[in-house]
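S.K.: this one's sequence-less:
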């Protein structure tokens with residue numbers, strides 16, 4: 001019984017070694033993949049920033065809430081006094 005188990009293990013190890021060698025050989029024969037240079041993302045236009053008259057936070061001018069000649073970051077700050 002132990003002889004049969006020995007031969008089964010030996011055949012399995014030889015099969016595993018052959019498979020690993022074939023895989024390494026096929027990987028070496030394939031040409032390396034051509035790397036393309038990374039594509040540049042289109043540069044977004046720089047947007048002007050403004051400052052909230054109440055809290056002083058800076059944010060894009062397109063998101064401003066305009067009231068009484070001042071820029072605010074939210075409608076809630078329009079009701080509060082400028083600092």
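M.R.: Received, thanks. If you're wondering where the values come from, they're calculated on a predicted model, not measured in any experiment. Residues are numbered from 1 along each chain as shown.

S.K.: Shouldn't residue 66 be within a strand?
M.R.: Yes: assessed with DSSP: H, G, I helix; E, B strand; the rest coil, residue 66 lies in a strand.

S.K.: got the contact list for it?
M.R.: By CB atoms under 8 Å, 6 or more residues apart in numbering, the residues touching residue 66 are residue 72. No exception for glycine: its C-beta is placed from N, CA and C like everyone else's.

S.K.: For it, name its beta-bridge partners.
M.R.: Beta bridges link residue 66 to residue 71 when assigned by DSSP bridges.

S.K.: Do you have the strands of this protein handy? List them.
M.R.: For the chain, the strands defined by DSSP state E occupy 49-51, 58-60, 65-67, 70-72.

S.K.: looking at the ones you listed, which is buried most?
M.R.: Ranked by average neighbour count under the criterion mean count of other CB atoms under 10 Å, the strands of the chain are headed by strand 70-72 at a mean of 20.

S.K.: and that strand, what does it pack onto?
M.R.: Other elements packing on strand 70-72 under the criterion 3 or more CB pairs under 8 Å, 6 or more residues apart in numbering; DSSP states H and E are strand 65-67.

S.K.: Of all the strands of the chain, which one is nearest residue 19?
M.R.: Proximity to residue 19, assessed across the strands of the chain by CB to CB, is greatest for strand 58-60 (59.2 Å).

S.K.: Centre of the chain to the closest one, how far?
M.R.: 25 Å (CA atoms, centre = their mean, to the nearest Å).

S.K.: what mean pLDDT does it have?
M.R.: For strand 58-60, mean pLDDT rounds to 94.

S.K.: Check which residues of the lengthiest helix in the chain are buried.
M.R.: Determined from DSSP state H, the single longest helix within the chain is helix 2-29. Within helix 2-29, no residue is scored as buried using 16 or more other CB atoms under 10 Å.

S.K.: packing partners for that helix?
M.R.: By 3+ CB pairs under 8 Å, 6+ apart, helix 2-29 packs against no helix or strand.

S.K.: and it, average pLDDT?
M.R.: In the prediction, helix 2-29 has an average pLDDT of 90.

S.K.: Quick one: closest of the strands of the chain to residue 12.
M.R.: strand 58-60 (65.8 Å).
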